[in-house]
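Novice: mind looking at a prediction? Sequence and model below.
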Amino acid sequence: MEIIKKRRSIRAFTKKEIPTEIVEQLIEAARWAPSAGNIQPWDFIIVTNYETKKLLTEAALGQKFIEEAPVVIVVCADENRSSQDYGLRGKTLYCLQDTAAATQNIHLLACSFELGSCWIGAFREDKTREILKIPDGIRPVAIIPIGYPAETPKPRSRRSIGEIVHFETY
């Protein structure tokens, strides 16, 4: 619970590089996420090139902190893999749920390494696909800039348990 409560969306990073071993561990954490039927419909694109990060910033509606992060991980969902066993529901839902679980694992492990990260869903898929040469059937679902934080945001409020829990029926 400590890491879950400590994690924040970080949008300012120092210039300090992230060791390759840590990036590999972030991907290792992601690949251990649960997935429907253990299909593991994820692919991860690691971006460190400044020019590519700058293009991703443009695709992500000008969110400049993307290009400032030492590492950016783009999480992709393999719609074709999920649809083989689960049809349309696999393509339109399960692969997104599965990659969301993998994305959360990346954020939590990053926080445990004292790294900051931000889950970005606001981006133009077509532009991102073009920049990263992502083939048809593979859908970019999250952009995660990662780095050592240059800010310390305060915790944000949460809805109370009583507002969100229902027993037996809604």
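Specialist: Great, that's in hand. Numbers count the residues shown, from 1 in each chain.
Novice: helices along this protein, start to end?
Specialist: For the chain, the helices defined by DSSP state H occupy 2-6, 20-31, 50-59, 65-68, 79-89, 95-112, 125-132, 161-164.
Novice: who wins for proximity to residue 142 among the ones you listed?
Specialist: Among the helices of the chain, helix 95-112 comes nearest to residue 142, with 4.9 Å by Cβ to Cβ. (Glycine included, C-beta is placed from N, CA and C.)
Novice: by contact count, what packs against that closest one?
Specialist: Applying 3 or more Cβ pairs under 8 Å, 6 or more residues apart in numbering; DSSP states H and E, one finds that helix 95-112 makes contact with helix 2-6, helix 20-31, strand 42-47, strand 71-78, helix 79-89, strand 116-117, strand 138-147.
Novice: just confirm residue 110 contacts residue 116, I think it does.
Specialist: Yes: the pair residue 110 / residue 116 is scored as a contact, 7.3 Å apart, by Cβ atoms under 8 Å.
Novice: what is in contact with the two at once?
Specialist: With contacts defined as Cβ atoms under 8 Å, 6 or more residues apart in numbering, the residues shared by residue 110 and residue 116 are residue 146.
Novice: re the thing from before, residue 138: which of the helices of the chain is closest?
Specialist: Closest to residue 138 of the helices of the chain is helix 79-89 (Cβ to Cβ; 7.2 Å).
Novice: just for this protein, where's the confidence low?
Specialist: Flagging of the chain using pLDDT under 70 yields an empty set of residue ranges.
Novice: ok, the most centrally placed residue in it - contacts?
Specialist: The centre of the chain sits closest to residue 103, judged by Cα atoms, centre = their mean, with a distance of 4.0 Å. Neighbour list for residue 103: 30, 75, 119, 141, 142, 144 [criterion: Cβ under 8 Å, 6+ apart].
Novice: cutoff 6 Å now
Specialist: Contacts for residue 103 (Cβ atoms under 6 Å, 6 or more residues apart in numbering) come out as 75, 142.
Novice: please tell me how far it sits from residue 29.
Specialist: For residue 103, the distance to residue 29 equals 10 Å [Cβ to Cβ, to the nearest Å].
Novice: likewise for residue 88?
Specialist: 30 Å.
Novice: in a markdown table, list the helices and strands packed on helix 95-112 along with mean neighbour count.
Specialist: A markdown table is the format used below for the helices and strands packed on helix 95-112 (neighbours: other Cβ atoms under 10 Å):
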| stretch | mean neighbour count |
| --- | --- |
| helix 2-6 | 10 |
| helix 20-31 | 16 |
| strand 42-47 | 19 |
| strand 71-78 | 23 |
| helix 79-89 | 17 |
| strand 116-117 | 28 |
| strand 138-147 | 23 |
